[in-house]
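Peer 1: the following block contains a protein sequence and its predicted model.
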Number of protein chains: 2
Amino acid sequence: MNIVFVLFDNVTQLDFAGPVQFLSRLPGASIHVASKDGNAVTTDSSFSILPGTSFAQCPQADIICVPGGHGVREAVADTAIVDFVREQARTATWVTSVCTGAFILGAAGLLQGRRATCHWAYTHLLPLFGAIHEPARVVRDGNLVTAGGVTSGIDFALELMSAIAGEDVARTVQLALEYDPAPPFTGGTPDTAPEQILFNLRQRVYDDAAERMEAAIRLLPMNRTDA
Amino acid sequence: MNIVFVLFDNVTQLDFAGPVQFLSRLPGASIHVASKDGNAVTTDSSFSILPGTSFAQCPQADIICVPGGHGVREAVADTAIVDFVREQARTATWVTSVCTGAFILGAAGLLQGRRATCHWAYTHLLPLFGAIHEPARVVRDGNLVTAGGVTSGIDFALELMSAIAGEDVARTVQLALEYDPAPPFTGGTPDTAPEQILFNLRQRVYDDAAERMEAAIRLLPMNRTDA
C-alpha cells in the first residue's frame, strides 16, 4: 500500500509529521514523501525536510495526504503540485488532507460538491472550491477524508488506519505512540477557547492570514473562469 | 530565548516535531535544531530532517530538548552527542526530553537522583541512570522536565509554555494548532489498552527493543565504572 505525502515550501510540519508517524506503522504501508523535484522543503519550525522522492519518481498512491501551512498560498497556484495531486488522486483509494492542505485538493478540483473541513480559521473559504463545510475534527465523504487544523492529523490518521486495517491495528499503533492525550487546558477550538484568547489570536494572526489565503484562492484559474 | 533540539540518526520524528511545532510559537523563542555536523539526520518515517545548525555553531540553550527513538541506542554511546547535551544543560534554564530521549540526558549524568519518565516500554531502564521513575505523562523535577512516549511531547510542550509564559500564551498556541484531541479509541497507555493488544505489541516489538536498549545502556562507561 503506497501512502504518498505531498510536501512544498513553508509547510506546517506537524500537519505532516503526525499522520506520517502513525501511518508509517500501518502493516504493509510503504511511505513516499514527495516534493516537486525531490529537493528539501522549508517548514514553519526552523528546519527543512528532505523528502524521499520527487513527483516524477513517486509511485501511484493508494492513499494521498496533503498537509497545509502558509505555503499553501503559493502551492495552490503551482501547477506542478496541483497536477500531481490531481493525477495521484485519480486512482487513489483514499484522498486526504490536513489543515489548509484541503485547499490544494480544492485547487485540483477534488472538493467539488463534497463535505470537508480544514483549520478553523479558514473553513469559510471551503465553498470557494465547491465544498460544503462540515464542522468536525475529521470529515469523511466517500473516499475523501479531510482533517481540521494541525494536531487533528493524528486523530485523522488513527481513524483512517481503523477504517483500512481495523480497530486492533489502530489501537496497537496508538499504544505504541502512547497517544493518551492530556492537554493541560481545554480550549483547542473556537467554540471552547476563552473569548478573549480567540479574539486576540484572530486579530493578531488569522484575520490577515485568511484574507491573504482568500486572495490567493480567488486568483486561481478555476475561480477566474467562474467569474 | 534559545530553544535547542538535539537530533541524531534514526530519531522518532514526532518526538521532535510535536514540541518544536508548539515551542516555535512561543513569543521570543529562537529555535535551533542541531545535529552533530549540521548534516541531515534520518528519521523512522521515511524522510530526513535538515537541521538548522551544528553542535559547534549552536548557541547556548535556555531550553534544551532531546527526542528519542531507536537511534538512542547509538546516541547514548556517541560522546559528541552526550558531551554537547551535558554542556548545553549546564547553563540551560530547562533540561527536557521526550520518549527515550531521557536516556541521552541520563548518559550525560543529568538524571542522577531525579524523578523522570520516558516511553512506557522503557521506564524500567530509568534506574540505570540513577533516576526514579514517576508514572506520569509529563514529569517535572526542578528544571528537569521529561515526557513519556512520542505524542506526550505535545502535552509536555504546552505545560512548559504555560510555566514559562503563562496560561494565556499556552492556550493561544493550543487554539492556533487546534489541539482538541479526539482519539477514536482510549487505550494509549498500558493501563488502559486492551490486554491482548498490549501483550502482542510487547512480544512483537518492545520486549526485544527494550532488551537491546538495556544492552546499549549497560555498555556505557558510567555503568562500567559502577561495576
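Peer 2: Nice, thanks for sending it over.
Peer 1: how many neighbours does A:G149 have?
Peer 2: Per other CB atoms under 10 Å in any protein chain shown, the neighbour tally for A:G149 reads 29. (Glycine included, C-beta is placed from N, CA and C.)
Peer 1: which residues in chain A form strands?
Peer 2: Shown for chain A, the strands assigned by DSSP state E span residues A:2-6, A:30-35, A:41-42, A:48-50, A:53-54, A:63-66, A:94-98, A:115-116, A:132-133, A:138-141, A:144-147.
Peer 1: so how far is stretch A:99-107 off the chain centroid?
Peer 2: Computed by CA atoms, centre = their mean, to the nearest Å, the chain-centroid distance of stretch A:99-107 equals 7 Å.
Peer 1: ah, wrong one, I meant stretch A:152-170
Peer 2: For stretch A:152-170, the distance to the chain centre is 15 Å (CA atoms, centre = their mean).
Peer 1: beta-bridge partners for A:T53, please?
Peer 2: A:A34 (DSSP bridges).
Peer 1: residues contacting it?
Peer 2: A:32-34, A:38 (CB atoms under 8 Å, 6 or more residues apart in numbering or on different chains).
Peer 1: just the buried residues of the residues you listed.
Peer 2: A:32-34, A:38 (16 or more other CB atoms under 10 Å in any protein chain shown).
Peer 1: going by distance to chain B, which of these wins?
Peer 2: Using CB to the nearest CB, A:V33 comes nearest to chain B of the buried ones among the contacts of A:T53, at 4.2 Å.
Peer 1: give me the low-pLDDT residue ranges for chain A?
Peer 2: Applying pLDDT under 70 to chain A flags residues A:225-227.
Peer 1: one more pass at 80, please.
Peer 2: For chain A, applying pLDDT under 80 flags the ranges A:224-227.
Peer 1: so which residues of it form helices?
Peer 2: A:13-23, A:72-75, A:79-91, A:102-107, A:152-165, A:167-176, A:195-201, A:207-218, A:221-226 (DSSP state H).
Peer 1: can you tell me how far A:R137 is from A:M161?
Peer 2: Distance, A:R137 to A:M161, using CB to CB, to the nearest Å: 16 Å.
Peer 1: what about these two, which has more around it?
Peer 2: A:M161 (25 against 20).
Peer 1: pretty sure that one sits against A:V169.
Peer 2: Yes. Shown here, A:M161 and A:V169 form a contact pair, counting by CB atoms under 8 Å, at 6.0 Å.
Peer 1: joint contacts of those two?
Peer 2: A:L26.
Peer 1: if we can go back for a sec, can you put the buried ones among the contacts of A:T53 in CSV and add distance to B:R115?
Peer 2: Listed next are the buried ones among the contacts of A:T53 as CSV, based on distance: CB to CB, whole Å:
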residue, distance to B:R115
A:H32, 42
A:V33, 38
A:A34, 43
A:G38, 45
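Peer 1: what sits against the residue nearest the centre of chain A?
Peer 2: What sits nearest the mean C-alpha location of chain A, by CA atoms, centre = their mean, is A:V98, with 2.2 Å. A:V98 is in contact with A:15-16, A:18-19, A:65-68, A:146-147, A:150, A:152-153, A:156, counting by CB under 8 Å, 6+ apart.
Peer 1: mind running it again at 10 Å?
Peer 2: By CB atoms under 10 Å, 6 or more residues apart in numbering or on different chains, A:V98 lies in contact with A:5, A:12, A:14-16, A:18-19, A:65-69, A:118-119, A:138, A:145-154, A:156-157.
Peer 1: neighbours of the nearest residue to it once chain neighbours are set aside, how many?
Peer 2: Excluding its sequence neighbours, the residue lying closest to A:V98 (CB to CB, 6 or more residues apart in numbering or on different chains) is A:G153, at 3.9 Å. Burial of A:G153 is recorded as 32 neighbouring residues (other CB under 10 Å).
Peer 1: let me see the contact set for A:G153.
Peer 2: A:12, A:14-23, A:65, A:67-68, A:96-99, A:101, A:138, A:147, B:178.
Peer 1: swap in A:F129?
Peer 2: Contact analysis of A:F129 by CB under 10 Å, 6+ apart lists A:76, A:102-114, A:116, A:217, A:220, A:222-223.
Peer 1: same thing but 8 Å
Peer 2: With CB under 8 Å, 6+ apart, A:F129 has these contacts: A:102-103, A:105-107, A:111-112, A:217, A:222.
Peer 1: how long is stretch A:38-52 from one end to the other?
Peer 2: Start-to-end span of stretch A:38-52 (CA to CA, to the nearest Å) is 7 Å.
Peer 1: what of stretch A:200-220?
Peer 2: Using CA to CA, the end-to-end distance of stretch A:200-220 comes to 30 Å.
Peer 1: from the chain's centroid, how far away is it?
Peer 2: Using CA atoms, centre = their mean, the offset of stretch A:200-220 from its chain centre is 17 Å.
Peer 1: list the buried residues in that stretch.
Peer 2: A:201-202, A:206, A:209-210, A:213, A:216-217, A:220.
Peer 1: what is the nearest of those residues to chain B?
Peer 2: Using CB to the nearest CB, the buried residues of stretch A:200-220 come closest to chain B at A:L201, 5.4 Å.
Peer 1: skipping its backbone neighbours, what lies nearest the closest one in space?
Peer 2: A:L201 sits nearest to B:T172 (CB to CB, 6+ apart), 5.4 Å away.
Peer 1: list the contacts for that neighbour?
Peer 2: Contact analysis of B:T172 by CB under 8 Å, 6+ apart lists A:197, A:200-201.
Peer 1: same check on A:T151?
Peer 2: With contact taken as CB under 8 Å, 6+ apart, A:T151 is in contact with A:14, A:18, A:188, B:154, B:177-181.
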